[in-house]
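Engineer: Provide a 3D model corresponding to the input given below.
(chains A, B, C and D)
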Amino acid sequence: MFNWVVLSIAFPLAGVLLNLALSRRLREPWPGVLATIMVAGAGIAAALTAGALAAEPEGSVITLGSWIAVGDLHVTWALRVDLLSTLMMLVVTLVGLLIHVYSIGYMRGDARFTRFFIYLNLFVAAMLLLVTADNLVVMFVGWESVGLCSYLLIGFWFDKTKGEGWRNSTAARKAFIVNRVGDLGLLLALFMIFWTFKTLAIEEVLEQAAHTLELGAPIATAMALLLLLGVSGKSAQLPLFLWLPDAMAGPTPASALIHAATMVTAGVYLIIRMQALFVLAPAAQMTAAAVGAVTALFGASAALAQTDIKRVLAFSTISQLGFMVTAAGIGSTSAGLFHLMTHACFKSLLFLAAGSVIHALKHHGRQADFDAQDMRFMGGLWRRMPWTFITYWAGALALIGLPPFSGFFSKDEILASAYEYHPAIFILLFAAAFLTALYVARQGLLIFAGRPRSKAAVAAAESERVMIWPLLILALFSAVGGALNLPGNGLLAHWWEESGLPVHEAGFNPTVAALAAAVALAGVGLAWALYGRGKADVSHADPLEKHLGRLFPGIQQGWGLDALSVKAVVYPFNRLGVALSRFDLNGIGGADRGLAHVVGLSAQRLSKIQTGYLNWNIAIMIVGIATVLLLVALWRTG
Amino acid sequence: MIWGLVAAFALLAVGLYGLLALRNLIKLTIALQLMMKGGLIAVVLAGDAVGQRGLGESLGVTLIIADTVAAVIGLALAVLVRRRLGSLDIEVVSKLRG
Amino acid sequence: MNAALPVGLLTLPLLSSPLAYFVGRFSGRRHGLAQFVALVVLLVAWAMFVAMAGQLAAGETPQFEYGMIAFRLDGLAMYMAALALGLSTLAVFFARQMFQARAGSEKYYAALLALTGAMIGLAGARDLFNLWVWFETMIAASYLLVVIFHDEALNLEAGFKYVVQSAMGSGLVVFGIALILLDTGTLNLDLIAQAAPHSAMAAIGSALCFIGFGVKVAIVPMHTWLPDVYTQSPSVSSAVLAGAVSKAGLVGLLRVTAALSAAIPWADLFMLFGAASILAGNLLAFRQRDVKRLLAYSSMGHLGYVMLGIGFGLHAGQTAGVYGGLFHALNHSVMKGLAFFSIGAALYLLSRPVGREHGLRLDDLAGMARRCPLLALALTLALFSLAGIPPLAGFMSKWQIFAAGLAANSPWVTALVVFAALNSVLSLGYYLPVVNALYREGASEGQTRLPLPRLMAIPLVVLSFLIVLLGLWPDAVRWLVAPASVLGG
Amino acid sequence: MESLVLLLVALICAIQAVRSAQLLIAALWLAGVSACIALFLYALGAHAIAVIELSVGAGLVTILMVFAITMVGEDSEPHQPVVPRWMAIALPAAVLILAAGLLLNAGISSSADAAPDESLSAVLWQLRGADVAAQLALIFAGVLGLLALLADDREEPGASSLWVEAESDEPSAQFRVAEKSEVDLEEVGSPQ
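Structural biologist: Numbering: from 1, shown residues only, chains lettered A, B, ... in the order given. All right, here's what the predicted structure looks like:
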């Protein structure tokens, strides 16, 4: 019974509609509860799908109906159930469910409580559509829809005071526009695929690609590279990562769900899904690996110097996505997916824990110059928020990659694959792993260790239970998630082989694993040395700054890439816009010609006919009669 | 026979002329009636010409009824307009334009 | 074949129309009871419709004869019946609020039922003159829909224009029928189709029918009544007029087209007047600041697309174009119905008296999104769909029309497709300001905090859902539209 | 032939009906048209329909007209027609010429196998019973419309304003505005 997959998408959609319909009836927290139940339903349906899949590992395609049938283009609403889509569904629904629960607490008292849950539900539905689509067009619909939800949620607080609202909506627009660039690549790839294979059904495309294209065919490389552009937009890889740090303007649960656990991994999913195409294009694979590895190092270094609690995690996400893109790019897909899954757990955990901290500070700190998200105002919270502290560190250790936490296993697989693929990639990722340990430990120490550095931190109290429970569950998964694919008898790798998906595994490499663990410990140790006693205050320079000197502000600004992009892209674009608008005024509006003018003028003329007099109305009708009769006469004679 | 039809069309044309040239709402209703009379002639003549006079007559009866209903509604509207707006001139019901 | 179902579907609304009237008239609680009767009747009619849809899908065509007049509920008739029933049912839901503390609601419901029955009769009749009688009945019933709130001068004006121009149109149809009878000696559509007349007599008859039915479809230049009537009628009536009555005119026209296919070059006529309607409708809509008037002109444009699609189909002799046209007509009913219902809800929220509905300017919509998100969403969906934004219903059907045109492989037809597509893009220029107004901040004066009544919300939700559904899954109505687009049937 | 003369007379009556300045006279000319047509139909042999046309067309409709005219009174027709006179003549003339030209060109070619001619009552009530049924619906719909139009006198006072609680307009403002003859509806009615 693979039909459960339909239900899985239908549940959150129903949640959207119900919440829309009942928006006036339901009071807080019931819209949230409703939305949560719907996601739970989706999760159960996904689990049942997985159960069905266990019985029939090869999966199936469920066709719901035809959508577009014009000429050669036949697009059907078809959903694909296989290991990849089912695992993605499980991740999306599980993390989504926990974040829904958490949000009920986090969004308490927000003026747009219901709307938030509508967006979240819509997102879950769109994401599920994206990962189950059996047709690239349908997938594109999901791809665009998650982008839309992301846009809506980043700008969710567009009406905040003191210019903050403006900043939020700017961030939303930025995300939208940057993603657009990536989408353009994806769209071009779709056109090219249709043009080449005359179909957009994923299965057929991959099959035809495998049979008709030879290794290294330029067309395959072009397609893969265009897809990669789409990937780097959605998964925030270089050079299109720009939007993700700003996207943290959204509510923290949304950041956790969309900008850490699920939507941003859509790019990785796309590479894995289209693996057969990438295999044919070694150049594109190399590019993907290079982009991913550089992004991983870049993100990790930028995370090192952030003071905003969420920006650290944003750059960390960019970095981790770099790991996944590298893995998927070099063909070790199961490792990429494994890391995707563990990362979804521990990164959403970290975000939610950070949200818990922000929530606690926000409600107590009212003093001027205070920023609830600035880690320099925190410290000493371990005593005040014990549950948040414990769960945060569970996630942090997973991210750092210390055994036996889940991140250790998944990251090691990637490192081992990279080690086999190319030494340069390996070194980049290895350095990134070290920096990861450093910045995570720095963040953990800044938040929880030492003494409170602000009144708000002194007054902070543990968050309510509805927020803590999801943290605990996620912490559990983060801690033991590695069991899914232990070295030796990797369950995931086993399923992977069984399901017939392309696979290229490096296997466990004890040397690499030991090195990675050692390096992670070194990173934590260094962080302890620097921040162990909670010395970073607003009035003091960051301890790291003393050692890095002028490099520090540079990496703080994301190596200046953001500013560069403004200079290189935004300014010229604005200039062009101004020039165009001038042209528009002079060329169309000012002179008495141009389409707009013609339309306006003829509309004016035409509406004079509508005089309001019945006599004239009838005169016009009689003109019609005479015209038709005249036409008939002409046809009869001619 | 054919001239009867032409006469029917002539009645239609007179009715149309009335609809174009007249300004009084009741007179417009009268012009509409003239048009319909043409239709009546045409229908009965057609039935007659194809050898089914009964059919033509039957259509005519239906037509008369339908015309009368339209006329009644038109007259009622005209009366209401006069009562509300104080005039039957088309000017008073020519405010909707553009 | 069992004739009970088609007879029932045809007569039930007609017979229960007086029932609704008298029940409403002589019961103490006037408003509720007549509405309830109307609703029950329509639901029973729906049940019969569904049962017959099953027969239709099985390839059987429900039919019966009454004297010399045959009725056949073929694809096109079922299509029309679906539109008539759909719009009336939603209107019955919606009309309640309109009549708060006003007398006369029972007449409205009765007229709505009579209108529905007349439209089904029109669609099912296989006799040309009988078709006209139903057409006339439909018009007579629709008078009431327009003038129900005639305590306003402008409503009277629109009503008078409507009566005169409708009567003129149906008069022309009578002339046309007389000539066709004269030429073929029969009124039976099947026999006429067999005779396939192509004489001058049949040509004039067809031309007059084209004009006469064209008045109801509001083809340029027979459209002049439409903006006034759509603007001045209560929004519920506008929804029914735009959604069902205009399509009934189209069905009448298609019956003549199918029977007298050889008489005149229908395809050229459809394409020519369709293109003219698109252009005129778009241009006229551009200048409007009154939302209902804007929608009225946009209706003209959309019926133009429908005509164009049917013209493409007739031109190439394939059903794809007709399918596209009828699919667009169906979508137009959904979209315009939703748009007018939303406007009606907005006017209700603004506490505008029904007779004064014309005053809905763009600015009045400001702040509506905040007050009633459902309404704003519904209207936005309707407008986006009208503008042909994917993946909503309006886009899918326009796409099918254009695709059918391109498949014809004729330079003129291709030029028309380009022309229509250009117009479609242009149309965003007047829909977008409405959407902008909806989401603009600030409330115009006179906005009380009335909530949107649940009965009013039902049509909005249903139609919004349909718009999205038909956009995502246009084949959901293939069972209904495909049999209808076989015009010969 | 004499029947065509009757039609000619009907045509002249019609022109007079359109031309006459007084409403009552116009209505009487219309009755004249009906009478002539009834005579023509009688001459044609369609006796039943002739009687009906005489009683309904010339009788009932005329009575209704006169009734309405006495209710509203005479209204002096302004001399300036809305549509220029030449156009008002040219357009219908064009239609007539085109239609008549085509008709005369074609002639009546009908040689349709004449079905057995039956009496009106047989055709109307038996063969075309569906028309009768539809007519009943038509009449009912017309009566409904009429009732709706004439109902306003019986409406509860102020009922129409229940919508408008929030607005400052008093209940019958619309009525009163409407009763003033020089209402400036321009602003409301014409979205320019």
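
Engineer: residue contacts, the closest residue to C:His328 other than its chain neighbours?
Structural biologist: Distances taken as Cβ to Cβ, 6 or more residues apart in numbering or on different chains place C:Ser397 nearest to C:His328, at 3.7 Å, with adjacent residues excluded. From N, CA and C alone the C-beta is placed, and that goes for glycine too. C:Ser397 makes contact with C:309, C:324, C:327-328, C:330-331, C:470, C:474, according to Cβ atoms under 8 Å, 6 or more residues apart in numbering or on different chains.

Engineer: just D:Trp125 next, same as before
Structural biologist: D:Val132 are the contacts of D:Trp125 under Cβ under 8 Å, 6+ apart.

Engineer: Please tell me how far it sits from C:Leu128.
Structural biologist: Taking Cβ to Cβ, to the nearest Å as the measure, D:Trp125 falls 20 Å from C:Leu128.

Engineer: try C:Met48
Structural biologist: From C:Met48 to C:Leu128 the distance is 26 Å (Cβ to Cβ).

Engineer: Just give me the longest helix of chain B.
Structural biologist: In chain B, assigned by DSSP state H, the helix with the most residues is helix B:53-85.

Engineer: buried set for that helix?
Structural biologist: Across helix B:53-85, burial judged by 16 or more other Cβ atoms under 10 Å in any protein chain shown covers B:53-82, B:84-85.

Engineer: distance between that helix and the chain's centre?
Structural biologist: 8 Å (Cα atoms, centre = their mean, to the nearest Å).

Engineer: average pLDDT for it?
Structural biologist: Per-region confidence: helix B:53-85 scores 90 on mean pLDDT.

Engineer: Run through the neighbouring helices and strands of that helix.
Structural biologist: When contacts are defined as 3 or more Cβ pairs under 8 Å, 6 or more residues apart in numbering or on different chains; DSSP states H and E, helix B:53-85 packs onto helix B:25-49, helix C:128-147, helix C:153-184, helix D:47-52, helix D:61-72, helix D:120-121, helix D:129-150, helix D:173-179.

Engineer: what would those look like in JSON lines with distance to chain A and mean pLDDT?
Structural biologist: Putting the helices and strands packed on helix B:53-85 into JSON lines (distance: least, Cβ to the nearest Cβ, whole Å; pLDDT from 0 to 100) gives the following:
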{"stretch": "helix B:25-49", "distance to chain A": "7", "mean pLDDT": "93"}
{"stretch": "helix C:128-147", "distance to chain A": "15", "mean pLDDT": "94"}
{"stretch": "helix C:153-184", "distance to chain A": "5", "mean pLDDT": "92"}
{"stretch": "helix D:47-52", "distance to chain A": "27", "mean pLDDT": "90"}
{"stretch": "helix D:61-72", "distance to chain A": "17", "mean pLDDT": "90"}
{"stretch": "helix D:120-121", "distance to chain A": "32", "mean pLDDT": "76"}
{"stretch": "helix D:129-150", "distance to chain A": "18", "mean pLDDT": "88"}
{"stretch": "helix D:173-179", "distance to chain A": "17", "mean pLDDT": "37"}
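
Engineer: now the ones you listed in JSON lines, with distance to A:Val6?
Structural biologist: Putting those into JSON lines (distance: least, Cβ to Cβ, whole Å) gives the following:
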{"stretch": "helix B:25-49", "distance to A:Val6": "58"}
{"stretch": "helix C:128-147", "distance to A:Val6": "41"}
{"stretch": "helix C:153-184", "distance to A:Val6": "48"}
{"stretch": "helix D:47-52", "distance to A:Val6": "64"}
{"stretch": "helix D:61-72", "distance to A:Val6": "64"}
{"stretch": "helix D:120-121", "distance to A:Val6": "63"}
{"stretch": "helix D:129-150", "distance to A:Val6": "46"}
{"stretch": "helix D:173-179", "distance to A:Val6": "54"}
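
Engineer: of those, which approaches A:Val264 most closely?
Structural biologist: Closest approach to A:Val264 among those (Cβ to Cβ): helix C:128-147, 54.1 Å.

Engineer: what's the closest one packed up against?
Structural biologist: Against helix C:128-147 (3+ Cβ pairs under 8 Å, 6+ apart) you get helix B:53-85, helix C:105-124, helix C:153-184, helix C:189-195, helix C:200-217, helix C:235-240, helix C:246-259, helix D:129-150.

Engineer: before we move on, the earlier item: quick one, the longest helix of chain B and helix D:61-72 angle?
Structural biologist: 0 degrees (axes from the mean of the first three to the mean of the last three Cα atoms, to 10 degrees).

Engineer: got the angle for helix B:53-85 vs helix C:128-147?
Structural biologist: Using the same axes, to 10 degrees: helix B:53-85 against helix C:128-147 is 10 degrees.

Engineer: State the number of residues packed around the closest residue in space to C:Pro474 that isn't next to it in sequence.
Structural biologist: Nearest non-adjacent residue to C:Pro474, counting by Cβ to Cβ, 6+ apart: C:Met396, 4.2 Å away. Neighbours of C:Met396 under the rule other Cβ atoms under 10 Å in any protein chain shown: 24.

Engineer: can I assume C:Met396 sits in a strand?
Structural biologist: No. Counting by DSSP: H, G, I helix; E, B strand; the rest coil, one finds C:Met396 to be helix, located in no strand.

Engineer: show me the contacts for it.
Structural biologist: A:68, C:327, C:331, C:390, C:470-471, C:474 are the contacts of C:Met396 under Cβ under 8 Å, 6+ apart.

Engineer: With pLDDT, secondary structure and neighbour count as extra columns, can I get the contacts of C:Ser397 in TSV?
Structural biologist: Listed next are those as TSV, based on pLDDT from 0 to 100; DSSP: H, G, I helix; E, B strand; the rest coil; neighbours: other Cβ atoms under 10 Å in any protein chain shown:
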residue	pLDDT	secondary structure	neighbour count
C:Gly309	94	helix	32
C:Gly324	92	helix	29
C:Phe327	95	helix	29
C:His328	95	helix	29
C:Leu330	96	helix	25
C:Asn331	96	helix	29
C:Leu470	91	helix	25
C:Pro474	85	helix	24
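
Engineer: Need the max-distance pair from these.
Structural biologist: C:Gly309 and C:Leu470 (15.6 Å).

Engineer: Packing partners of the helix or strand where A:Val205 lies?
Structural biologist: Secondary structure assignment for A:Val205, by DSSP states H and E: helix A:202-212. Here helix A:202-212 touches helix A:136-154, helix A:164-197, helix A:275-279, going by 3+ Cβ pairs under 8 Å, 6+ apart.

Engineer: Now for whichever residue of the stretch 201-350 of chain C sits closest to chain B, how many residues are close by?
Structural biologist: Per Cβ to the nearest Cβ, C:Asp228 is where the stretch 201-350 of chain C lies closest to chain B, at 4.3 Å. Applying other Cβ under 10 Å, we find 32 residues neighbouring C:Asp228.

Engineer: Verify the assumption that it is located in a strand.
Structural biologist: No. Using three-state DSSP, the assignment for C:Asp228 is helix, not a strand.

Engineer: my guess is it meets B:Lys95, correct?
Structural biologist: No. Under the criterion of Cβ atoms under 8 Å, C:Asp228 makes no contact with B:Lys95, lying 9.3 Å away.

Engineer: returning to what we had before: make TSV out of the helices and strands packed on helix B:53-85 and add mean neighbour count.
Structural biologist: Output for these, formatted as TSV (neighbours: other Cβ atoms under 10 Å in any protein chain shown):
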stretch	mean neighbour count
helix B:25-49	27
helix C:128-147	29
helix C:153-184	27
helix D:47-52	20
helix D:61-72	17
helix D:120-121	17
helix D:129-150	22
helix D:173-179	16
